[in-house]
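Colleague: model the following, please.
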Amino acid sequence: MMKSLTKVLFLLMTVTGFSQSITLTGKVTDKATGAPLEAATVYLSAVSDSTMIDYTITDKSGNFNLKISKIQKPVNLKASFMGFKDAQIRSESLTQDRDFGTIALTEQENTLGEVIITSEAPPVRIKNDTLEFNASSFKLRPDSNVEALLKQLPGVEIDTDGKITVNGKEVNQILVNGKPFFDKDGKVALQSLPAEIINKVQVTDTKTKKEEASGQASSSNNSSINLTIDEDKNKGFFGKFMGGYGSDERYESSLLMNYFKGDRKISLLASSNNINSTGFSMNEIFDSMGGGRNSSMFTSSDGSFGINGMRFGGSGGGITQSDMIGLNYADEWFKGFNASGSYFFNEADSRNVNRTRQINFLPEGDFLTESNSVSRSLNSAHNFNSDFEYEIDSTSTLGFNPKFSRSLSKYNRSSGEASYGANGEILNESDAIEDGDSDSNQFSNSLYWWKGFKQKGHSFTISFDNENSKQEGNDLSRSNSIFYNYGENEGDPLTTTVDNRNQRRFTRNIRDTYNAVAQYQRPLRDSLSMLLELSYDSNLSIDDRRTVDYDPGTGEYSQVNDLLTNYLTSGTKEWKPMIGISMNRSKLNGRVQLGTTMTRFENEMFYLGENVRFNRDYLLPSANAYISYRLTKSKNIYAYYNYNVSFPSPRQVLPVIDISNPLNTVVGNPDLDPSTSHYLYMNYRNYDYATKSGISFYAGGSYYNDQIVSYVTYDESRKRNTTYENIAGNYSGWFGGNWSKSKKVEAHSFKYGVGLSANIGRNQGYTDGELYDAKSVGLTPRANFTYDYGEVLTVNPTYSLTFNETKYSNFITDEVSNVVHRFNLQTTTYWPKNLVFGNDFGYTYNSNIADGFKKDFYLWNTSLGYNFFGDKLLAKVKVYDLLNQNQSATRTITATYIRDEENTVLQRYVMFSLTYKLQKFAGKESRKREFFH
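Modeller: Down below sits the predicted model:
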């Protein structure tokens, strides 16, 4: 056994060095002018069936260099460039290095837009600001979803947190045929749509509606992905049904049905499970089972997951039973009028047991707080999103985007907490039982109108945005708190103070935001334009609280508690005139806008029979700028700056004494100033399609002039009193980089990469009345590697190390650090035929977590699937947490405390499931697309 394993490992390590490779070179030019064509696609395909073998991209001099294995069969070398006819050179075999010399392309005649006169699309095409991948050129398993397709594309990375980047630029929008699929973040599309229906993957810079309508260059540092559907798959329906049941009464079920007919697309999504999952993954290995390869797209660091703005899994973990149904619709109602919309209903029942141990830093000595709780929450939500756009004519576009949501929640929680001094003496203790429910409603809309004039770049835009929300709550709290006072001198008698409460609190929170903008743009000369902009913003926050105590005489909650009853309002009204200059050239574009913000800050409160009102006027600067410079087709530098202003919340600025928490009394500070900060971000990106390698660097941060921070004092029993102050000099920054490379040698494919993310920060504030200063550093180096052997084996190990260190002044503790190691190994085998065997193995080690919390654990998931009935049915047996070691123990380091925390997690279970897949296009049953291999 060991000898066989050694031979396999030796083969994997040496296959690259000993394979017989050759190099193909040449140059692609414009036949008419002789000029080199940068970013032309050069690729090899088999003569027999046009299967793509390999490809590359020409550099700025038009040269290409393609390293391949020797080929003993007839092949075609093809050169393709937008607007030119393809060139093709046939070779009966390629067994030695060859220089193809100059390949001259002839410009196409009467080419209109995207009309390409060719029977075969190149694997990659770069055209102006769009990067386009031909999906059928990339190797995939027949049952793969869109996420698996993206992972195969050169320059596309999906990290363990689910963040997608293309050539180092983060993707913030994913569309299907130019329209949202349930939501613009694209998570549903990535997980639920099968890759085989995709024709093209188009990547562009994310644009605002105005930039789209006017054809302006993007000012964003994000990318958008548009998935176009194969023409023969754009008329028909497809979907899948899945159900599973396992040990410990675990179950999962999901339904996805899609009907496509030209521009009309209707999709139905539904799921129910009790395994902490959204329930609609098309993952061929683990379906909806969490952990490993399924952990990134929706799951957050606390173990909860979310979709469409709703979180499942509680506020810190736990086990969730969830149900969901969604409907998506998109169509062109008439020429120029596009409509899309989606509806989601979600409900979740989460249960959790939590335990924490927190060391609190004080100038004269630390103290310890330990707590535990048992909680259950019931949440449900209705969400409706829509997007309408009408292109009135070539010079005018109107759009609006209304959204509605309503959510209901109930919860109950029992908890206990105690704090101890440096010598172990108890300082305070409390226990509480809480029950409550809330009803939240939200409406938002975005309305815009763009009008272009005869001169290119001459336009006028009006937009109006609003967001209105109201939340009403009814909370019952029964708590008992004891505070211990040992006196100032040794021998003083111990005294206690008791605070027992039994009260019901009714709350109403209203947030109304309105924003109107009018912008006029006029070209000055060449690529320069002048921008004139006037905006008006209105923001209003209302916090209304009424508290009644329990009356033992009547057995009802009827005694109004005036100390905990108040009405607070706070809001701003802003006028902001701005003037700017924009530049839009082929390689350089940018914008600078400067202005003044005239703000009216209005505050009012009703408390203890008094009405207090104060208003203030501010005149503050406003500035933003960006620049983007394209060095070559693949190299780009970007920088962005913004000056930010934020105003305090009602409870931060209004002098209400809030004693709702027995352990912390909070009072607002009416002398607070608004917080101002400078934000700067820059990056460099380069992906070389010729060598299939890419590198990117980024850095950014914020510096705060007068940040609003907490001012905390403690009494001898460590009961807190909190107010707020402004402080200057705090900052937060981050930087990092990534490098990746892909390589293919015969049936062996390799993809590997390394990266580093880092952060620094300074956090000043006041604790126990004294200024503290905490400076933090965080480093996370990581490495990943993927090996594919044809369609038989996939191996994907990853490793990351997270180091955090915080140094303190004015505390007895000088510094604290923590290191977390994470190693994961994913393997998948597709042999023998119709069998799929997958394993996800992970190991996590937390170096400095407190005693009583386990430092490390293994998480091993395994799955065995069998396809039958013409691949329409897939039967699986899956085991979650095979070693029964899963846990949730985390350490959090802040400027004022260290907290170790443990929550309930899912542990070992076995699941048996059956999946049925249905596909019919244009009235016929679908056949699987033949991906190259």
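
Colleague: ok, longest strand in the chain?
Modeller: In the chain, taking DSSP state E as the definition, the longest strand is strand 495-525.

Colleague: same for that strand, what does it pack against?
Modeller: For strand 495-525, the contact count by 3 or more Cβ pairs under 8 Å, 6 or more residues apart in numbering; DSSP states H and E identifies strand 459-485, strand 528-551 as packing neighbours. The C-beta positions use only the backbone N, C-alpha and C, and glycine is treated the same way.

Colleague: buried set for the host helix or strand of residue 611?
Modeller: Residue 611 is part of strand 610-630 when elements are defined by DSSP states H and E. Judged by neighbour count (16 or more other Cβ atoms under 10 Å), strand 610-630 contains these buried residues: 622, 624-628, 630.

Colleague: for it, packing partners?
Modeller: Strand 610-630 sits against strand 588-607, strand 635-646, with contacts defined as 3+ Cβ pairs under 8 Å, 6+ apart.

Colleague: can those go into TSV with extra columns for mean neighbour count and distance to residue 206?
Modeller: Compiled in TSV, these are given as follows (neighbours: other Cβ atoms under 10 Å; distance: least, Cβ to Cβ, whole Å):
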stretch	mean neighbour count	distance to residue 206
strand 588-607	18	14
strand 635-646	17	12
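
Colleague: how about JSON lines for these, with distance to residue 55 and mean pLDDT added?
Modeller: Rendered in JSON lines, the data for the helices and strands packed on strand 610-630 read as follows (distance: least, Cβ to Cβ, whole Å; pLDDT from 0 to 100):
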{"stretch": "strand 588-607", "distance to residue 55": "30", "mean pLDDT": "96"}
{"stretch": "strand 635-646", "distance to residue 55": "20", "mean pLDDT": "95"}
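
Colleague: distance to residue 439 added to these, as JSON lines?
Modeller: JSON lines is the format used below for these (distance: least, Cβ to Cβ, whole Å):
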{"stretch": "strand 588-607", "distance to residue 439": "23"}
{"stretch": "strand 635-646", "distance to residue 439": "28"}
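
Colleague: now the strands for the stretch 151-300 of the chain?
Modeller: Listed from the start of the chain, the stretch 151-300 of the chain has strands (DSSP state E, counting those that start in this stretch) covering 156-158, 164-166, 169-176, 179-180, 198-205, 223-229, 235-246, 251-261, 264-273.

Colleague: I should have written the stretch 701-850 of the chain there, sorry.
Modeller: Residue ranges of the strands in the stretch 701-850 of the chain, as given by DSSP E, counting those that start in this stretch, are 707-714, 720-727, 731-745, 748-767, 770-789, 793-809, 815-829, 835-846.

Colleague: wait, which of those strands is closest to residue 143?
Modeller: strand 835-846 (8.4 Å; Cβ to Cβ).

Colleague: which parts of that closest one are buried?
Modeller: Buried positions in strand 835-846, judged by neighbour count with 16+ other Cβ under 10 Å: 836-844, 846.

Colleague: check stretch 754-762 too.
Modeller: So stretch 754-762, judged by 16+ other Cβ under 10 Å, has buried residues 755, 757-759, 761-762.

Colleague: nearest to residue 863 among these?
Modeller: Nearest to residue 863 among these, with distances taken as Cβ to Cβ, is residue 755, at 28.4 Å.

Colleague: right, and the closest one touches residue 799 too?
Modeller: No: under the contact definition of Cβ atoms under 8 Å, residue 755 does not touch residue 799, with a separation of 11.2 Å.

Colleague: which neighbours do the two share?
Modeller: Applying Cβ atoms under 8 Å, 6 or more residues apart in numbering, one finds that residue 755 and residue 799 are jointly contacted by 782-783.

Colleague: phi and psi next, for residue 262.
Modeller: Main-chain dihedrals, residue 262, degrees, to the nearest 10: phi 60, psi -120.

Colleague: give me phi/psi at the residue nearest to residue 249 when sequence neighbours are not counted?
Modeller: Take residue 249 and drop its neighbours on the chain: the residue closest to it by Cβ to Cβ, 6 or more residues apart in numbering is residue 274, 7.6 Å away. In terms of degrees, to the nearest 10, the main-chain angles of residue 274 are phi -130, psi 40.

Colleague: figure out which of the strands of the stretch 151-300 of the chain is closest to residue 494.
Modeller: When the strands of the stretch 151-300 of the chain are ranked by proximity to residue 494 (Cβ to Cβ), strand 264-273 comes first, at 52.8 Å.

Colleague: now the angle from that closest one to strand 223-229?
Modeller: The directions of strand 264-273 and strand 223-229 differ by 110 degrees, with axes from the mean of the first three to the mean of the last three Cα atoms, to 10 degrees as the criterion.

Colleague: which helices and strands does strand 264-273 pack with?
Modeller: If you count contacts as 3+ Cβ pairs under 8 Å, 6+ apart, strand 264-273 packs onto strand 251-261, strand 319-334.

Colleague: that strand pairs with which strands, parallel or anti?
Modeller: If you go by DSSP bridges, strand 264-273 pairs up with strand 251-261 (antiparallel), strand 319-334 (antiparallel).

Colleague: flag every buried residue along it.
Modeller: Result for strand 264-273 [16+ other Cβ under 10 Å]: buried residues 265, 267, 269-273.

Colleague: name the surrounding residues that touch it.
Modeller: Outside strand 264-273, the residues that touch it by Cβ under 8 Å, 6+ apart are 176-177, 179, 181-182, 188, 192, 239, 251-259, 277-280, 288, 321-332.

Colleague: now the angle from that strand to strand 169-176?
Modeller: Using the same axes, to 10 degrees, strand 264-273 lies at 110 degrees relative to strand 169-176.

Colleague: quick one: strand 264-273 to strand 235-246, angle?
Modeller: Regarding strand 264-273 and strand 235-246, their directions subtend 0 degrees when assessed with the same axes, to 10 degrees.

Colleague: tell me which residues touch residue 505, please.
Modeller: 473-477, 545-547, 564, 660 are the contacts of residue 505 under Cβ under 8 Å, 6+ apart.

Colleague: beta partners of it?
Modeller: Note on residue 505: beta-bridge partners by DSSP bridges are residue 475, residue 547.

Colleague: got a pLDDT number for it?
Modeller: Per-residue pLDDT puts residue 505 at 97.

Colleague: and it, how far from residue 772?
Modeller: With distances taken as Cβ to Cβ, to the nearest Å, residue 505 is found 33 Å from residue 772.

Colleague: for residue 788, same thing?
Modeller: Residue 788 sits 52 Å away from residue 772, going by Cβ to Cβ.

Colleague: any chance of the buried residues of strand 835-846 in TSV, plus distance to residue 223 and pLDDT?
Modeller: Written out in TSV, the entries for these read as follows (distance: Cβ to Cβ, whole Å; pLDDT from 0 to 100):
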residue	distance to residue 223	pLDDT
836	32	93
837	35	95
838	30	94
839	33	95
840	28	95
841	32	95
842	29	95
843	33	96
844	31	95
846	34	94
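
Colleague: let me know the closest of the residues you listed to residue 351.
Modeller: Of all the buried residues of strand 835-846, the one with the least separation from residue 351 (Cβ to Cβ) is residue 844, at 23.4 Å.

Colleague: thinking again about what came up before, from the buried residues of strand 610-630, which two are the most distant?
Modeller: With distances taken as Cβ to Cβ, the most widely separated pair in the buried residues of strand 610-630 is 622 and 630, at 28.4 Å.

Colleague: I'd say residue 486 and residue 496 touch.
Modeller: No: with contact taken as Cβ under 8 Å, residue 486 and residue 496 are classed as non-touching, separated by 10.3 Å.

Colleague: who has more neighbours, these two?
Modeller: It is residue 486, of residue 486 and residue 496, that has more neighbours when counted by other Cβ atoms under 10 Å, with 17 against 10.
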